[in-house]
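A.B. asks: The following block contains a protein sequence and its predicted model.
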Number of protein chains: 2
Amino acid sequence: MSPRNVDVTDLVSRAQAGEARSVARLITLVETESDHLREVSAALAPLVGGAHVIGLTGSPGVGKSTTTSALVTELRARGRRVGVLAVDPTSPFSGGALLGDRIRMQDHATDPDVYIRSMASRGHLGGLSWATPHAIRVLDAAGCDVILLETVGVGQSEVEVAGLADTTVVLLAPGMGDGIQAAKAGILEIGDIFCINKADRDGASTTRRELRTMLSMSDRQDGWKRPIDLTVATEGTGVPELVDHLQEHASHLRASGQLARRRTDRLRREIQAIALDQVRRRFVVDGGEELDALAARAFAGDIDPFSAADTLLAESDA
Amino acid sequence: MSPRNVDVTDLVSRAQAGEARSVARLITLVETESDHLREVSAALAPLVGGAHVIGLTGSPGVGKSTTTSALVTELRARGRRVGVLAVDPTSPFSGGALLGDRIRMQDHATDPDVYIRSMASRGHLGGLSWATPHAIRVLDAAGCDVILLETVGVGQSEVEVAGLADTTVVLLAPGMGDGIQAAKAGILEIGDIFCINKADRDGASTTRRELRTMLSMSDRQDGWKRPIDLTVATEGTGVPELVDHLQEHASHLRASGQLARRRTDRLRREIQAIALDQVRRRFVVDGGEELDALAARAFAGDIDPFSAADTLLAESDA
C-alpha cells in the first residue's frame, strides 16, 4: 500500500493532533509531488474547510512579513491556532527554514500553535506553487483556525493569492503613489481589506483618502464595504482593528453564502487543472510515440492538426 | 456540408491559383475560429510545406517594418512570391488593412505576388495569435515561396516567433547596448541570422564586434555559423546579402534534416495544444454541470480534487 514506509493515515492522524513534524512531512509529500500525493489528498478531503484562509499581498517594502508576524501575535492573543505559508515564486528554497527577511517570525517559532512554512514556486504554471492549495489543506486539517498566505508580490502571483484565499488583504505604504500603482495593477479589485502600513509616516491620511476615492469608483456588488486600516506593524498599532475586520469579513462570507461559492469555484478550477495535467501526461506515455507519429504524418501532409488531435485523444482515452 | 454558403474546396482552389480575395477569406475563416476551421485545416494539409517561413524579431525602433519591406523588394526582384504576416499582440485590429507604421508596405500593396496581412493576437494563450500557424498554412498553400512573420517585439512573442519560423532573424540597431539587451532577453539563442539595421549610424561595427563575442560564447551544435549582417533597410543597403544568408540557411536546414525536425516538433506542440483545448471544451459541455457537481462534492469533503479529476475525465471520455 505505502512504498517507502510512509503511513499516510498515521501521519494525517498525528497532524490532526497538532504534531508539527507530521505537518511538515505531509507538506513535503505534496510539495515534492510524491507517489503519496493522491493518498494524502484523499485522506485530507473530509478534514478540511474549517480554516479561514487569508492572503496578504502588496509591493516589496510595504512590510508584509512584519504585518504577518503582527497578525500572528494578535491571533495568538485571541487563542487562535495559526498557519503561515510564505510563498516565494522567485526562490529556489523551500521547507521549514525561515528566510532571512522573515526573521521576525522567529518570535513565533517555538509556539506549538503556530506553524510556519516557506514554499518555493515550482511546477509548469509559474507564479504560486501548484502545491499551495494542498499545503493549505494540510494546515487546515491540522486544526489551524487561520492560515496566512504571504506572497512575494510580483504581478501575477498577487492575483493568484486572491484566487486561493477566502479574504485578501492588500497592503500599501504611505506616499509613492502606491494607491495609483495598485489601481493600475488591478489590485483594487482583489482586495477585501486594505491596510496602509507604516502609517506613522507622512502621507498616510492622503493615501487613505486617495484609496477611498478609488474604491468608491469601483463599488463591488457583494454587500461588503471594504475597510481601510492604518497600521504600524512593527509596534502592533492598528493590528487589533485589522483582525476585527478579518473576522467580520469571514462572518460576512459565511452569512452571505459567498464562502461556499468562492471555495467551490476554487475547487472547480483546481479539479480542471489536475484533469488537464493528467491528459497531458497521457500524451507522453511511452515517450509520446503516438504524438510523434501523428506529428510525422502531419509533416508529411497526410493528416491535419485537428484530425491528429482527434486521433491522439481517441487513442489516449482508450 | 457547408453552412453559410462557404465552399471551402472552391476557396482553397482559388487561393492555390493565387486569388488574393480567397486567401483573405480563408485567413478570416481560421482567424475567427469559424465552423469551417477544421474543414479548411483538412483541405490545406496536403498542400503545405513548400514555403520558407522567416520570423523577424527585435525591439521597437530597430526598423522591423522597413526591413520587412526591403526584404519583400529583394525577394520580388528574385521572382519569389511573398507572404507577410504582421502579428501585433497588442492590437485589437486585424484584417487586410495596413497599419499606420507599415506605410512602406504600400509599395507592395498592388503587387499580385505579394500578400500582406495584419493579425491581432486573440485567444487564451496571449502573445502570438493561435491562428498564426493556420494563416501560415493558407499562405503556403497559396503558393508563397517565402512567408515573413513580423511581430511587435514584446518579450514572449519574440520567442514564439522562433517557434513558428524555420529561420529567425534577430534585428538590432547600433548602440544602446542592444546586443547586451538581446543577450539578457534570451534573444541570442533564438536567432539564426543577426541583422544590425541602421548600420550607417555610429557604433554599428562596435555592436557587431560585441555581438560576435557574445555569439562565440554560446556556440550552437547544429553546424550553422550564425551570420551578422549590416543593413540600411531604408536604402536597401545590405539586403541582398541578408537574403543570400536566408537562402543559405534554408538550404542548411534541408540538407541537415533540421527542417523536418523543427517542423515536426512544431506540429507536435500544435497537435497537443489542440487536443488539450478539445478536452477543456468537453469539461464545460452542458454548461459544465459535471464539473460543478464535482466541485460541490469536493467542497462538502466527499471527494478530493484528484479523485474528482479522475471522475471528470472518465465522464468526458465516455
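C.D. replies: Sure, I can see it. Every value quoted in this text rests on a predicted model; they were computed, and no experiment measured them.

A.B. asks: What's the mean pLDDT across the helix or strand that contains residue A:229?
C.D. replies: Using DSSP states H and E, residue A:229 maps to strand A:228-230. Strand A:228-230 shows an average pLDDT of 97 in the prediction.

A.B. asks: likewise stretch A:71-88?
C.D. replies: 92.

A.B. asks: For that stretch, buried residues please.
C.D. replies: Buried residues in stretch A:71-88, counted by 16 or more other C-beta atoms under 10 Å in any protein chain shown: A:71-76, A:80-88. Just so you know, the C-beta spots here come from the backbone N, C-alpha and C atoms, and that holds for glycine as well.

A.B. asks: Which of those residues sits closest to chain B?
C.D. replies: residue A:85 (17.7 Å; C-beta to the nearest C-beta).

A.B. asks: Can you name the residues that contact the closest one?
C.D. replies: Residues near residue A:85 by C-beta atoms under 8 Å, 6 or more residues apart in numbering or on different chains: A:117, A:119, A:132, A:135, A:136, A:139, A:147, A:148, A:149, A:150.

A.B. asks: Quick one: end-to-end length of stretch A:48-66, please.
C.D. replies: 28 Å (C-alpha to C-alpha, to the nearest Å).

A.B. asks: what sits against the closest residue to residue A:145 other than its chain neighbours?
C.D. replies: With sequence-adjacent residues excluded and distances taken as C-beta to C-beta, 6 or more residues apart in numbering or on different chains, residue A:145 is closest to residue A:80, at 4.2 Å. Residues near residue A:80 by C-beta under 8 Å, 6+ apart: A:113, A:145, A:146.

A.B. asks: Show me where chain A has its strands.
C.D. replies: A:52-57, A:82-88, A:114-120, A:146-151, A:167-172, A:193-196, A:228-230 (DSSP state E).

A.B. asks: With only the CA atoms kept, save the second one in PDB.
C.D. replies: As requested, the backbone C-alpha atoms of strand A:82-88 are provided in PDB (Å, rounded to 0.1, in the frame of the first residue of the first chain):
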ATOM      1  CA  VAL A  82      -2.300  29.900  13.100                       C
ATOM      2  CA  GLY A  83      -0.600  28.600  10.000                       C
ATOM      3  CA  VAL A  84       1.700  30.800   7.800                       C
ATOM      4  CA  LEU A  85       2.600  29.900   4.300                       C
ATOM      5  CA  ALA A  86       5.300  32.200   2.800                       C
ATOM      6  CA  VAL A  87       5.200  31.600  -0.900                       C
ATOM      7  CA  ASP A  88       8.200  33.000  -2.800                       C
END
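
A.B. asks: re the thing from before, out of the contacts of residue A:80, who's the most crowded?
C.D. replies: Within the contacts of residue A:80, neighbour counts (other C-beta atoms under 10 Å in any protein chain shown) peak at residue A:146, which reaches 25 neighbours.

A.B. asks: Which positions in the stretch 51-200 of chain A make contact with chain B?
C.D. replies: residue A:133 (C-beta under 8 Å from any C-beta of the partner chain).

A.B. asks: Give the buried residues for stretch A:168-178.
C.D. replies: For stretch A:168-178, by 16+ other C-beta under 10 Å, it's A:168, A:169, A:170, A:171, A:172, A:173, A:174, A:178.

A.B. asks: got the CA coordinates for it in PDB?
C.D. replies: Output in PDB follows, covering the C-alpha atoms of stretch A:168-178 (Å, rounded to 0.1, in the frame of the first residue of the first chain):
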ATOM      1  CA  THR A 168      -7.400  39.100   0.600                       C
ATOM      2  CA  VAL A 169      -5.600  41.900   2.400                       C
ATOM      3  CA  VAL A 170      -3.900  44.400   0.100                       C
ATOM      4  CA  LEU A 171      -1.000  46.100   1.900                       C
ATOM      5  CA  LEU A 172       0.100  49.600   0.900                       C
ATOM      6  CA  ALA A 173       2.500  52.200   2.400                       C
ATOM      7  CA  PRO A 174       2.100  55.900   2.500                       C
ATOM      8  CA  GLY A 175       3.200  58.000  -0.400                       C
ATOM      9  CA  MET A 176       5.000  56.700  -3.500                       C
ATOM     10  CA  GLY A 177       1.600  56.900  -5.400                       C
ATOM     11  CA  ASP A 178       1.100  53.400  -4.100                       C
END
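
A.B. asks: now, which of the buried residues of stretch A:168-178 sits nearest chain B?
C.D. replies: Out of the buried residues of stretch A:168-178, the member with the shortest distance to chain B (by C-beta to the nearest C-beta) is residue A:168, at 19.4 Å.

A.B. asks: in terms of contact, does the closest one touch residue A:194 like I think?
C.D. replies: No - using C-beta atoms under 8 Å, residue A:168 makes no contact with residue A:194, being 9.8 Å away.

A.B. asks: Provide the count of other residues in contact range of the residue of the stretch 51-200 of chain A found nearest chain B.
C.D. replies: With C-beta to the nearest C-beta as the measure, residue A:133 is the residue of the stretch 51-200 of chain A nearest to chain B, at 7.7 Å. Neighbourhood size, residue A:133 [other C-beta under 10 Å]: 20.

A.B. asks: From residue A:85, how far out is it?
C.D. replies: 10 Å (C-beta to C-beta, to the nearest Å).

A.B. asks: next one: residue A:299
C.D. replies: From residue A:299 to residue A:85 the distance is 46 Å (C-beta to C-beta).

A.B. asks: What of residue A:258?
C.D. replies: 22 Å.

A.B. asks: same thing with residue A:144?
C.D. replies: For residue A:144, the distance to residue A:85 - C-beta to C-beta - is 10 Å.

A.B. asks: Ok, residue A:23 next?
C.D. replies: Residue A:23 is 11 Å from residue A:85, by C-beta to C-beta.

A.B. asks: Find the residues that touch each one of those two.
C.D. replies: Shared contacts of residue A:23 and residue A:85, counting by C-beta under 8 Å, 6+ apart, come down to residue A:139.

A.B. asks: What residues does residue A:46 make contact with?
C.D. replies: B:301, B:302 are the contacts of residue A:46 under C-beta under 8 Å, 6+ apart.

A.B. asks: and if we set it to 10 Å?
C.D. replies: A:141, B:300, B:301, B:302, B:303, B:304 (C-beta atoms under 10 Å, 6 or more residues apart in numbering or on different chains).

A.B. asks: starting at the chain centroid, how far to stretch A:162-174?
C.D. replies: 11 Å (C-alpha atoms, centre = their mean, to the nearest Å).

A.B. asks: Also stretch A:237-248?
C.D. replies: 20 Å.

A.B. asks: can I get the CA coordinates of it in CSV?
C.D. replies: Extracted in CSV, the C-alpha atoms of stretch A:237-248 (Å, rounded to 0.1, in the frame of the first residue of the first chain):
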residue,chain,number,x,y,z
THR,A,237,-0.6,49.6,16.2
GLY,A,238,-3.9,49.1,14.4
VAL,A,239,-3.5,45.3,14.2
PRO,A,240,-6.4,44.5,16.6
GLU,A,241,-8.7,46.5,14.3
LEU,A,242,-7.3,44.7,11.3
VAL,A,243,-8.0,41.4,12.9
ASP,A,244,-11.5,42.5,13.8
HIS,A,245,-12.1,43.3,10.1
LEU,A,246,-10.8,40.0,9.1
GLN,A,247,-13.2,38.3,11.4
GLU,A,248,-16.1,40.4,10.2
